[in-house]
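Enquirer: what follows is a predicted structure for the sequence shown.
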Amino acid sequence: MIKNSINSSSGGANGGALRHLFMSPWTIWIGFRYLKSKKNSRFLSFITLLSILGVGLGVTAMIVVLSVMDGFESELKKRMMSSDLHVLVQPTSATPGYDRGFVPDDTITAAQIEQFKQKSDQQILSFWRILSTEAILKAGKKVTGVILKGVTKDRLENLRKQMMDVKESEALPLQGIYLGQELAYEMGFIPGDPVTLVSPLETEGPLESVPRLKRYTIAGIYHSGLPEQELHTAFAEELAVQSFLKKAHVVSQWEIAVKDFSQASQVADQIRASDPTLKVQDWTQLNSHLFASLRLERISMFIILAFIIIVASFNIVTTLTLMVLEKKKEIAILKTMGARNAQVAAVFLSEGLLIGALGVGGGTGLGMLICWMLRRYEFITLPEIYYDRTLPVTFDVRYYILVSVCGFLIVMAACLYPSRRAARLNPLEGIRFG
């Protein structure tokens with residue numbers, strides 16, 4: 001029997017070890033006994049504890065970081081959802097009446113808008129025409145670039161719901177514009193302050209082309225929750241922008257809001273199919289660079305934090321290797337009793353997987369607890385540049401499953417070498433030197 005055990009091939013030991021974990025439950029029982037029987041080896045017990053803690057901390061870090069990053073993305077989507085820009089429609093050079101970015105305001109008629117609503121199962125909540133242009137905002141020595149949007153009175157009424165501070169229109173000496181909170185804070189503006197807008201479109205004067213200037217009064221400060229919009233976008237009545245551009249009955253784009261945020265891409269496809277001359281983009285396309293960078297950061301953090309588990313798995317390799325050296329005699333006895341190489345490998349594989357299961361399970365539980373505490377209690381306060389003052393955290397079951405499975409696979413890979421070494425042990429050598 002010893003001779004047969006010596007000559008038996010161990011090449012498939014690791015391949016059959018997993019099978020024997022289920023077909024031979026006694027291998028798990030022996031592996032558990034070996035893990036408990038290290039009372040006289042404090043060093044081995046200490047390394048085992050470090051292995052469990054290392055895997056657990058790696059899993060915890062991955063879960064917390066991914067949950068926080070997903071929370072930031074979810075909050076950003078919520079703020080985009082609360083805006084009136086879910087789908088953007090712009091004319092192209094192929095659009096009839098196109099002139100340097102402007103088309104007649106009857107390019108999309110009310111009947112066509114109603115037709116769009118019926119085709120999209122009434123998903124379209126609002127359909128606003130916009131007269132947009134780039135401009136330079138100047139007040140004294142303060143200068144900044146903005147996008148000035150001329151909107152209808154109905155659209156302006158919706159914007160007033162987001163107002164933080166408003167100047168009564170009867171008290172305005174000039175036509176009013178509405179600035180975002182971020183821009184007003186950066187430039188030090190308050191409602192009632194006079195500002196000058198400079199258009200990049202030149203006006204022919206008596207001598208030569210001169211920049212087009214127009215004075216306005218800040219009529220209000222709005223807060224949308226989107227820092228980029230608040231910093232770069234100013235609103236005014238449609239007639240005020242027409243006067244600024246000296247263009248009447250024209251439009252530069254249409255902004256659409258939908259009832260179901262997730263249906264924006266379908267609505268965009270329907271409008272695009274109805275008029276190929278228009279450029280139609282939904283919110284995912286408008287913010288594709290932002291979400292691509294968030295996705296890349298999430299993948300990068302996942303890979304970086306996975307190295308914590310990989311480093312911790314080296315301790316598992318050390319633990320199991322020392323265990324194999326300590327249990328030479330026991331392994332020899334198992335083989336003389338008829339245990340196959342795969343079954344011996346399964347014993348130590350089950351021990352490593354038990355260490356990994358304790359680390360992954362403990363890390364998952366600790367990660368869930370930390371996420372719950374971050375969501376319930378305001379331990380961390382963010383700077384004012386963020387749209388949230390506390391860390392946003394989400395509870396996504398997919399992240400818990402993904403991290404747990406990846407952690408378990410890393411641990412399993414770490415257990416292969418010590419298990420293979422145990423399977424290759426010569427019984428005669430184990431009995432002689434055990």
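Expert: On my side now, so go ahead. Nothing here was measured: the structure is a model prediction, and the numbers come from that model.

Enquirer: please make it C-alpha for all contacts and neighbour counts, starting now.
Expert: Will do.

Enquirer: so residue 191 is in which element?
Expert: Under DSSP states H and E, no helix or strand contains residue 191.

Enquirer: roughly how far apart are it and residue 163?
Expert: Separation of residue 191 from residue 163 (C-alpha to C-alpha, to the nearest Å) stands at 11 Å.

Enquirer: do the same with residue 216
Expert: Plainly put, residue 216 is 18 Å away from residue 163 if you go by C-alpha to C-alpha.

Enquirer: quickly list what's touching both of residue 191 and residue 163.
Expert: Common neighbours of residue 191 and residue 163, counting by C-alpha atoms under 8 Å, 6 or more residues apart in numbering, are 220, 221.

Enquirer: of the two, which one has the most company?
Expert: More crowded of residue 191 and residue 163, by other C-alpha atoms under 10 Å: residue 191, with 20 against 17.

Enquirer: quick check: residue 254 is in a strand.
Expert: Yes - assessed by DSSP: H, G, I helix; E, B strand; the rest coil, residue 254 belongs to a strand.

Enquirer: just for this structure, where's the confidence low?
Expert: Within the chain, the stretches with pLDDT under 70 are 1-28, 31, 34-41, 43, 165, 167-174, 201-210, 382-389, 427-434.

Enquirer: could you pull out the strands for it?
Expert: Secondary structure of the chain (DSSP state E): strands located at 87-91, 103-104, 124-139, 142-151, 163-166, 176-180, 194-204, 209-222, 233-237, 250-251, 253-258, 278-282.

Enquirer: can you get me a residue count around residue 46?
Expert: Neighbours of residue 46 (other C-alpha under 10 Å): 11.

Enquirer: go on, residue 109?
Expert: For residue 109, using other C-alpha under 10 Å, the count is 10.

Enquirer: phi, psi for it please.
Expert: Backbone torsions for residue 109, taken as degrees, to the nearest 10, come to phi -90, psi 170.

Enquirer: that one and residue 101: what is the separation?
Expert: Distance from residue 109 to residue 101, by C-alpha to C-alpha: 18 Å.

Enquirer: likewise residue 255?
Expert: Distance, residue 255 to residue 101, by C-alpha to C-alpha: 15 Å.

Enquirer: cool, residue 83 as well?
Expert: 24 Å.

Enquirer: more neighbours: the two, which one.
Expert: Between residue 83 and residue 101, residue 101 has the larger neighbour count (other C-alpha under 10 Å), namely 17 against 14.

Enquirer: quick check: closest non-adjacent residue to that one.
Expert: Using C-alpha to C-alpha, 6 or more residues apart in numbering and skipping residues adjacent in sequence, the residue nearest residue 101 is residue 252, 6.0 Å away.

Enquirer: show me what contacts the one you found?
Expert: Applying C-alpha under 8 Å, 6+ apart, the residues near residue 252 are 90, 91, 101, 102, 103, 129, 130, 131, 132.

Enquirer: and the residues you listed, which two are the farthest apart?
Expert: 101 and 129 (13.7 Å; C-alpha to C-alpha).

Enquirer: residue 253 and residue 95 touch, don't they?
Expert: No - at 11.9 Å, residue 253 does not count as touching residue 95 under the criterion of C-alpha atoms under 8 Å.

Enquirer: who has more neighbours, the two?
Expert: Higher neighbour count among residue 253 and residue 95: residue 253, with 22 against 17, using other C-alpha under 10 Å.

Enquirer: endpoint to endpoint, stretch 102-118 covers what distance?
Expert: 27 Å.

Enquirer: so how far is that stretch from its chain's centroid?
Expert: On the basis of C-alpha atoms, centre = their mean, to the nearest Å, stretch 102-118 sits 36 Å off its chain's mean C-alpha point.

Enquirer: what's it in contact with?
Expert: 91, 95-98, 123-124, 127, 129, 249-252, 270-271.

Enquirer: now do stretch 351-370
Expert: So stretch 351-370 is contacted by 28, 31-32, 34-35, 48, 51-61, 63-64, 316, 320, 400, 404, 407-408, 411-412, 415 (C-alpha under 8 Å, 6+ apart).

Enquirer: what about the helices in the stretch 251-400 of the chain?
Expert: With DSSP state H, counting those that start in this stretch as the criterion, the stretch 251-400 of the chain has helices at 264-274, 283-286, 288-326, 328-336, 341-376, 397-423.

Enquirer: most packed of those?
Expert: helix 341-376 (a mean of 23; mean count of other C-alpha atoms under 10 Å).

Enquirer: just want the angle from that helix to helix 288-326.
Expert: Comparing the axes of helix 341-376 and helix 288-326 via axes from the mean of the first three to the mean of the last three C-alpha atoms, to 10 degrees yields an angle of 140 degrees.

Enquirer: near residue 260, how many other residues are there?
Expert: Neighbour tally, residue 260, other C-alpha under 10 Å: 12.

Enquirer: my guess is it meets residue 125, correct?
Expert: No - counting by C-alpha under 8 Å, residue 260 does not reach residue 125; the two are 9.1 Å apart.

Enquirer: what is in contact with the two at once?
Expert: The contact sets of residue 260 and residue 125 do not overlap (C-alpha under 8 Å, 6+ apart).

Enquirer: could you check how far residue 339 is from residue 347?
Expert: According to C-alpha to C-alpha, residue 339 and residue 347 sit 11 Å apart.

Enquirer: what residues go with each domain of this structure?
Expert: 2-76+291-433, 93-276 (automatic domain parsing).

Enquirer: can I get those in TSV including distance to residue 282?
Expert: As requested, those are exported to TSV (distance: least, C-alpha to C-alpha, whole Å):
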stretch	distance to residue 282
domain 2-76+291-433	13
domain 93-276	6
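
Enquirer: so residue 215 bridges to which residues?
Expert: Beta-bridge partners recorded for residue 215 (DSSP bridges): residue 196.

Enquirer: mind checking how far it is from residue 29?
Expert: The gap separating residue 215 from residue 29 is 84 Å, by C-alpha to C-alpha.

Enquirer: re the thing from before, among the domains of the chain, which comes closest to residue 283?
Expert: Of all the domains of the chain, domain 93-276 sits nearest to residue 283, with 7.3 Å by C-alpha to C-alpha.
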